[in-house]
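[1] Sequence and computational prediction follow.
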Amino acid sequence: LSKLVKQGKIFLTKAGGKSRYSLKNEDISFENRTRLIIEFIKVNGKIYNKNCRELLNLGSAQSYKILKKIEKQGLIKQIKKNGGTYYTLI
């Protein structure tokens, strides 16, 4: 794997304590993920956890943590309505 990384055929992506490999170079920084979520909300008006999972290719718990962290920054707010939870811009 390290030989392929050096040749630029695959890319090492560090996600927390785990490392994973990708065929494309992807930016998984919190700032980039925040930007993607904000752009999604601007286009669609709101984002559900399911949308976040699909957008960022993450699991439910990790996408929830990212949405809560963005909420604590004051960029989005959580709305619970009719048994569902979604996030909108403030």
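    In hand now; what should we look at?
[2] Compute the first-to-last residue distance for stretch 46-59.
    19 Å (Cα to Cα, to the nearest Å).
[3] Give the buried residues for that stretch.
    For stretch 46-59, a neighbour-count test (16 or more other Cβ atoms under 10 Å) marks Ile47, Asn49, Asn51, Cys52, Arg53, Leu56, Leu58 as buried. Just so you know, the C-beta spots here come from the backbone N, C-alpha and C atoms, and that holds for glycine as well.
[4] from these, which is closest to Lys69?
    Lys69 lies nearest to Cys52 out of the buried residues of stretch 46-59, by Cβ to Cβ, at 11.8 Å.
[5] Contact partners for the spatially closest residue to Ser63 that is not a sequence neighbour?
    Distances taken as Cβ to Cβ, 6 or more residues apart in numbering place Cys52 nearest to Ser63, at 4.0 Å, with adjacent residues excluded. Residues near Cys52 by Cβ atoms under 8 Å, 6 or more residues apart in numbering: Ile37, Leu58, Ser63, Ile66, Leu67.
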